[in-house]
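A.B. asks: coordinates only, sequence not included:
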């Protein structure tokens, strides 16, 4: 198993993984459109011994109150069904957080299970008067701070690219 930054040759494998993992086309179509529009800040893949993509984490830029503050969203995160519960998703997330920190990003947001993401250090965004556009997401919208001053003077709407409007 190799965890690394995605390269162009991984695109087809990422597409297959996302279509299978989510049993629908939405996430695969989303990643493809984000990639085409230059809105994938970072993609991390897990590959098997033959180089096949078996895990994927995507990171996309988000704005805070209409301002680019070097924040990104983690979405989607997927692992091949037969390999789940083996720590692959955890390795993808940690590799992404490490790389984003090295690249100078300030904060990562995620919309997902608090029980799952709190293990990485994600905290409720609502504690900092931050929210996203989706109703009923106060408990599931979380953030992970990479830069010490990332939350200074920040509150309000964290806006995802319009590509996410279908969700």
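C.D. replies: Ah, there it is. Not measured: the values here are computed from a predicted model. Numbers count the residues shown, from 1 in each chain.
A.B. asks: so who does residue 133 touch?
C.D. replies: By CB atoms under 8 Å, 6 or more residues apart in numbering, residue 133 lies in contact with 157, 159-160. All C-beta spots, glycine's among them, are computed from the backbone N, C-alpha and C.
A.B. asks: got the buried residues for stretch 5-23?
C.D. replies: Residues of stretch 5-23 classed as buried by neighbour count (16 or more other CB atoms under 10 Å): 6, 10, 13-15, 17-19, 21.
A.B. asks: need the contact list for the most far-flung residue of the chain relative to its centre.
C.D. replies: Relative to the centre of the chain, the most outlying C-alpha is that of residue 50, 25.1 Å out, by CA atoms, centre = their mean. By CB under 8 Å, 6+ apart, the contact set of residue 50 is empty.
A.B. asks: ok so, going back, including distance to residue 35, could the contacts of residue 133 go into JSON lines?
C.D. replies: Output for these, formatted as JSON lines (distance: CB to CB, whole Å):
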{"residue": "157", "distance to residue 35": "25"}
{"residue": "159", "distance to residue 35": "20"}
{"residue": "160", "distance to residue 35": "16"}
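A.B. asks: between those, identify the one with the most neighbours.
C.D. replies: With neighbours taken as other CB atoms under 10 Å, the top of the contacts of residue 133 is residue 160, carrying 20 neighbours.
A.B. asks: pLDDT score for that one?
C.D. replies: You'll see residue 160 listed with a pLDDT of 97.
A.B. asks: state the distance from it to residue 52.
C.D. replies: Counting by CB to CB, to the nearest Å, the separation of residue 160 from residue 52 is 29 Å.
A.B. asks: contacts for the longest helix seen in the chain?
C.D. replies: Using DSSP state H to define each element, the chain has its longest helix at helix 88-103. The contact list for helix 88-103 (CB under 8 Å, 6+ apart) reads 1, 3-5, 41-42, 44-46, 54-57, 59, 72, 74, 77-79, 108, 119-120, 144, 146.
A.B. asks: give the buried subset of the residues you listed as a PyMOL selection command.
C.D. replies: Here is the PyMOL command that selects the buried residues among the contacts of helix 88-103 (16+ other CB under 10 Å):
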select buried, resi 3+41+42+44+45+46+54+55+56+57+59+72+74+77+78+79+108+120+144+146
